[in-house]
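**Student:** sequence plus predicted model, see below.
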Amino acid sequence: MKNGSYDFDVIVIGGGPAGSVIASMLAMAGRSCLVLERDIHPRDHVGESLTPSSNLIWDKIGFAQKIEDAGFVKKGGACWTAPRSPEGRFVAIRLGEFPIPGSDLLYTYNVERDALDAMLLRHAHELGAKVLQGVAVQRVLFEAGRAVGVTAKMADGWSRDLRARLIVDASGRRAVLANQLGFKRKDPHFNQFGLYSWFRGMQPLPSGYEGYLFLHFLGLNQAWAWQIPLRNGIHSIGIVTNKDDFKRSRQTEEEWFRSLVGRSRSLTHNMQEAEQIRPWWLEGDYSYKIDRLSGDGWLLIGDALRFIDPIFSTGVDVATYSAMHAFNAIESVLAGGVETEEFKRYERLVTDGVDAWYDLISLFYKLQNLFTLFAVRRAFREKVVRILQGNLYQPESLARAREMISLMQETHERVMQQPANLLRPGAFNSVLSDGDGSAEDGLESLARAAGA
């Protein structure tokens, strides 16, 4: 065995973006690392729209040119429409309006996740990480309360115990270690359900906004739709709603999807000649919280530590940044640092950022109009853009997000105390701009009339 009684310095469970990023960093640092991936890439996955924050991580692991050369659709911003607003009327946020410190790019990417994830895993292998696909981790091994390895099993039934100094769970929503230890809790406030597919023949997006992510509000506080332009004229179209609403409808997936699309004039127009080219993909029971993110000999990263909701495209942001901060903690430990201190520091850093995302998403669902109001007001526009760029794990970005959360919460409480307030759901569905922020005066007037 290497390293005394261990086979590897680190075993990573899962080869998605979180697992691939931390494996890449470990390999670059000269650490022996094994990635065990249950599936065989490429494999389908939700989360096709990225945030610009990930550009900094791609630079750090030497992946930036590869993702650029792949020809993924460049995402310059995000737009959203109201249910009754006519086609061509929307609010837009340009992500490069306030450039990210440390990055020259004014855009991010919309990606086919099967392609991106396979590229990232291959990149980790090329850097020196050992990667085994089609190998599932049955359980994490503990000795005297410390994680010391895993039991790995191949599809043909062959299994083996493998040992490492540290274990990183990047198994996504399977949350191998959290489930084993009983740390995974269903979120009591979110019971969201996602249904999506790919389509050809969509109406062209407005000139200048071809690569933008479009969010379509549906007149329901817990429902919205996404429209993500991908390569080769394909669009990913999905709806998110409360799971109980879907069950009560007693409709088929197709009927439910069409009924919600029909609530948006813009999305109905965009899909009038669309042809579905893939089966439906369902995502349910995906909002949860994990009681602990670290322990003796182990860390959680990516979706294995928490998943909330895809509204702000935070999946890969959480994956890549938790991977980077976990790597920093592991490097400190392997260099002689105190494990409990380093892991607790990691846990606080990541928890603070993910909790901020959670609070922002909760506010979005409470009152979607409120988010639109802050997005178009000049005094708050930079703060909104910075939040949508991702990376809430640094003191400055976290403080900015917390400031916005406080302002939005105060405004929400004031609005809900006034039954006639124009900022309540549906009040300004028809007052959305053509993408250049020209709706600001109308929204400001509504805000003044409402006392917000």
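**Tutor:** Perfect, thanks for sending it. Numbering: from 1, shown residues only.

**Student:** where does the stretch 301-450 of the chain dip in pLDDT?
**Tutor:** 422-450 (pLDDT under 70).

**Student:** the same query, at a cut-off of 50, please.
**Tutor:** Where the stretch 301-450 of the chain drops to pLDDT under 50, the residues are 428-450.

**Student:** right, and residue 278 touches residue 200 too?
**Tutor:** No. Using C-beta atoms under 8 Å, residue 278 makes no contact with residue 200, being 10.2 Å away. Just so you know, the C-beta spots here come from the backbone N, C-alpha and C atoms, and that holds for glycine as well.

**Student:** now residue 119: closest residue in space, sequence neighbours ignored.
**Tutor:** Computed as C-beta to C-beta, 6 or more residues apart in numbering, the closest residue to residue 119 that is not its neighbour in sequence is residue 66, at 6.2 Å.

**Student:** for the one you found, what are its contacts?
**Tutor:** Going by C-beta atoms under 8 Å, 6 or more residues apart in numbering, residue 66 touches 58, 119, 123.

**Student:** would you format those as a markdown table with pLDDT, neighbour count and secondary structure included?
**Tutor:** As requested, the contacts of residue 66 are exported to a markdown table (pLDDT from 0 to 100; neighbours: other C-beta atoms under 10 Å; DSSP: H, G, I helix; E, B strand; the rest coil):
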| residue | pLDDT | neighbour count | secondary structure |
| --- | --- | --- | --- |
| 58 | 98 | 23 | helix |
| 119 | 98 | 19 | helix |
| 123 | 98 | 21 | helix |
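
**Student:** which member of those is positioned nearest residue 385?
**Tutor:** residue 58 (20.3 Å; C-beta to C-beta).

**Student:** the closest one against residue 67, yeah?
**Tutor:** Yes. Residue 58 is within contact range of residue 67, at 5.6 Å (criterion: C-beta under 8 Å).

**Student:** how far away is residue 38 from residue 135?
**Tutor:** Per C-beta to C-beta, to the nearest Å, residue 38 is found 7 Å from residue 135.

**Student:** tell me which of the two has more neighbours.
**Tutor:** More crowded of residue 38 and residue 135, by other C-beta atoms under 10 Å: residue 135, with 23 against 20.

**Student:** need the contact list for the more buried one.
**Tutor:** Contacts of residue 135 (C-beta under 8 Å, 6+ apart): 36-38, 152-154.

**Student:** quick one: which two of those residues are the most distant?
**Tutor:** The most widely separated members of the contacts of residue 135, counting by C-beta to C-beta, are 37 and 153 (12.8 Å).

**Student:** between these two, which is the more surrounded one?
**Tutor:** When neighbours are counted by other C-beta under 10 Å, residue 37 comes out ahead of the other of residue 37 and residue 153, with 25 against 17.

**Student:** give me the pLDDT for the closest residue to that one other than its chain neighbours.
**Tutor:** In this structure, residue 37 finds its nearest non-sequential neighbour in residue 15, 3.3 Å apart by C-beta to C-beta, 6+ apart. The model reports residue 15 with a pLDDT of 98.

**Student:** next, count neighbours for the residue nearest to residue 366 when sequence neighbours are not counted.
**Tutor:** Distances taken as C-beta to C-beta, 6+ apart place residue 412 nearest to residue 366, at 5.8 Å, with adjacent residues excluded. The local packing of residue 412 (other C-beta under 10 Å) involves 16 other residues.

**Student:** so residue 412 sits in a helix?
**Tutor:** Yes. Under DSSP: H, G, I helix; E, B strand; the rest coil, residue 412 sits within a helix.

**Student:** who are the packing partners of the helix or strand where residue 131 lies?
**Tutor:** Taking DSSP states H and E as the criterion, residue 131 maps to strand 130-133. If contacts are counted by 3 or more C-beta pairs under 8 Å, 6 or more residues apart in numbering; DSSP states H and E, strand 130-133 sits against strand 33-37, helix 113-127.

**Student:** list the contacts of the residue nearest to residue 37.
**Tutor:** 23, 35-37, 39, 41, 117, 121, 124, 131, 133, 170.

**Student:** tell me the confidence at the residue nearest to residue 119?
**Tutor:** So, for residue 66, pLDDT stands at 98.

**Student:** if I look at it, how far off is residue 254?
**Tutor:** From residue 66 across to residue 254, the span is 37 Å (C-beta to C-beta).

**Student:** so who does the residue most central in space within the chain touch?
**Tutor:** Nearest residue to the geometric centre of the chain (C-alpha atoms, centre = their mean): residue 315, 1.9 Å. By C-beta under 8 Å, 6+ apart, the contact set of residue 315 is 46-47, 303, 307.

**Student:** so residue 92 sits in a strand?
**Tutor:** Yes. Counting by three-state DSSP, residue 92 is found in a strand.

**Student:** any idea what it is bridged to?
**Tutor:** residue 79 (DSSP bridges).

**Student:** for it, grab the count of nearby residues.
**Tutor:** Using other C-beta under 10 Å: residue 92 sits among 24 other residues.

**Student:** that one reaches residue 212, doesn't it?
**Tutor:** Yes. Look at residue 92 against residue 212 with C-beta under 8 Å: they come within range, at 7.0 Å.

**Student:** find residues that contact each of those two.
**Tutor:** 77-79.

**Student:** just to revisit the earlier point, among the helices and strands packed on strand 130-133, which comes closest to residue 327?
**Tutor:** strand 33-37 (10.2 Å).

**Student:** that closest one pairs with which strands, parallel or anti?
**Tutor:** strand 8-13 (parallel), strand 130-133 (parallel).

**Student:** most packed of the ones you listed?
**Tutor:** The highest mean neighbour count among those, using mean count of other C-beta atoms under 10 Å, belongs to strand 8-13: a mean of 27.

**Student:** next one: it to chain centre, how far?
**Tutor:** 24 Å (C-alpha atoms, centre = their mean, to the nearest Å).

**Student:** state the next helix or strand along the chain beyond it.
**Tutor:** Moving toward the C-terminus from strand 8-13, the next helix or strand (DSSP H and E) is helix 17-28.

**Student:** what's that next one packed up against?
**Tutor:** strand 8-13, strand 33-37, helix 113-127, helix 315-334.

**Student:** just put these in CSV and tack on distance to residue 382.
**Tutor:** Formatted as CSV, the helices and strands packed on helix 17-28 follow (distance: least, C-beta to C-beta, whole Å):
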stretch, distance to residue 382
strand 8-13, 37
strand 33-37, 39
helix 113-127, 29
helix 315-334, 19
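
**Student:** closest to residue 72 out of the ones you listed?
**Tutor:** Per C-beta to C-beta, nearest to residue 72 of these: helix 113-127, 7.4 Å.

**Student:** what's in contact with the closest one?
**Tutor:** Contacts for helix 113-127 (C-beta under 8 Å, 6+ apart): 15-17, 19-21, 23-24, 27-28, 35, 37, 41-48, 61-63, 66-67, 70, 72, 131, 133.

**Student:** measure how it sits relative to strand 33-37, angle-wise.
**Tutor:** If you take axes from the mean of the first three to the mean of the last three C-alpha atoms, to 10 degrees, helix 113-127 sits at 160 degrees to strand 33-37.
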